[in-house]
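S.K.: what's the 3D shape of this:
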Amino acid sequence: MVSAEEIRRLAFVGHGPSSLRLVEHGPLSDLSFAAKDLMDVAGYKTAWGNPDRLRGADPAVATAPAVLASLMAGAHLVGKTHTDEIACGMFGMNPHFGVPINPKAPARVPGGSSSGSASAVAAGFCDFALGTDTGGSIRVPASFCGLYGQRTTYGRLSVAGIMAMAPSFDSVGWLARDAGTMKRVGEVYFGASGPFKPARLLLARDAFDVPVREIGGALLPVAKSLGGATEVALFEEGVEFWLDTFRPLQLHDLWSTLGAWATMPGRTLSPAVAERIELSSHVDPAKFSAAAVRREQLTDRLVSLLGNDGVLMIPTAHDLPPLREAPVSAQIEFREKTLALTCVASLCRLPQINIPAITIDGCPIGLSFIAGPRRDQLLLDLAVRIGDALPAASGAQ
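M.R.: Numbering: from 1, shown residues only. Just a heads-up that it's a prediction; the model follows:
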């Protein structure tokens, strides 16, 4: 049995504020929140999940706009949360600072790289938490921990004052235990959504063949139960085509952004992250250039399919969360298969929301919804409308 104190210790960093409120009144004044430790808070260090960065960084001189917006809406910041080292991870496995607990499945990982944010919300230590998402870093923890979690449209929310990992993919978002809180936070960032407009549901039938049979077979009837969905093919070019487009672009971004910092003499990096940095230094320019073109072609096709009212339904992850003691080899295999699902919104710069859908062997499993550019509010409205219709969502409080 994991204690609440242990969950809190592994969710929150020790170098962030334990209590910060800038205004007493506002639309979020009754809510508490946390911020991933890639995000600057004035007067405090931002460690990026790395001990060298923690030792050498100066306290931030300004608060990241994404954090400031919630503070100015009256929300109470209760801490900064742990992350995978320099956001390079899908599981929350940080050998320097520990692995946050998944309160819904303590024997399994919480997901990353917004691991501490997901753990803190799932444990009830705050009402919502801010995170970042490059290749699934909000969506996967949300699925693993039984939370709602949204990756916003790329470029719609400021990433100033936030560590860049892969700048052509990085997006800000948040996690919460219920759809109502998700929507309230969204109204602070996007404004009121106005009257609800029904979404045109699209079921990506081939995407449900990507997860292991137990997951895909259980999620598909849940998606179909929402009714009125048109079945479409998402991976017309094949799953590997999407992955071969994502990999060189994301790795090139990583090397361009963090390569010089990560390869400084004497730099402390975990073996897994050091290997990732080394891999990023060898991206074939020809593969990068070809991938850049393919990205635009894939984006054009998907944006055209979605239009202003379309919402695509896909699984969030391909399997149950890995066990905390799973070997690195198993983690790599898991990452590649789940990335086939998460890379879709990342490549096409689209908003995506995870909604708790079912539970298998005591583990939450999420169903995802992807909308067209800047249709973030459509997803939040949809989550409020359908959340309770999904078997696990009504118990996500």
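S.K.: please state the offset of stretch 358-366 from the chain centre?
M.R.: How far stretch 358-366 lies from its chain's middle: 18 Å, per C-alpha atoms, centre = their mean, to the nearest Å.
S.K.: okay, that stretch in PDB with CA atoms only?
M.R.: Output of stretch 358-366 as PDB, limited to C-alpha atoms (Å, rounded to 0.1, in the frame of the first residue of the first chain):
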ATOM      1  CA  ILE A 358     -12.800   1.600 -19.700                       C
ATOM      2  CA  THR A 359     -10.900  -0.400 -17.000                       C
ATOM      3  CA  ILE A 360      -9.000  -3.600 -17.700                       C
ATOM      4  CA  ASP A 361      -7.300  -5.600 -14.900                       C
ATOM      5  CA  GLY A 362      -7.700  -2.600 -12.700                       C
ATOM      6  CA  CYS A 363      -6.000  -0.200 -15.200                       C
ATOM      7  CA  PRO A 364      -7.700   2.800 -16.800                       C
ATOM      8  CA  ILE A 365      -7.800   2.800 -20.600                       C
ATOM      9  CA  GLY A 366      -8.400   6.000 -22.500                       C
END
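S.K.: state the mean pLDDT of that stretch.
M.R.: Averaging pLDDT along stretch 358-366 yields 96.
S.K.: which positions within it qualify as buried?
M.R.: Across stretch 358-366, burial judged by 16 or more other C-beta atoms under 10 Å covers 358, 359, 363, 364, 365, 366. Yep, even glycine has a C-beta here, placed from its N, CA and C like the rest.
S.K.: show me the shaky parts of the chain.
M.R.: 393-397 (pLDDT under 70).
S.K.: what ranges do the strands span in this structure?
M.R.: In the chain, the strands defined using DSSP state E lie at 32-36, 76-81, 128-133, 148-151, 171-176, 200-204, 230-232, 310-315, 352-360, 363-371.
S.K.: most tightly packed of these?
M.R.: strand 148-151 (a mean of 32; mean count of other C-beta atoms under 10 Å).
S.K.: what's the end-to-end length of stretch 135-151?
M.R.: Start-to-end span of stretch 135-151 (C-alpha to C-alpha, to the nearest Å) is 10 Å.
S.K.: how close does the most centrally placed residue in the chain sit to residue 368?
M.R.: Closest residue to the average C-alpha location of the chain: residue 138 at 1.3 Å, with C-alpha atoms, centre = their mean. Separation of residue 138 from residue 368 (C-beta to C-beta, to the nearest Å): 11 Å.
S.K.: touching both of these two, which residues are there?
M.R.: When contacts are counted by C-beta atoms under 8 Å, 6 or more residues apart in numbering, the set common to residue 138 and residue 368 consists of residue 354.
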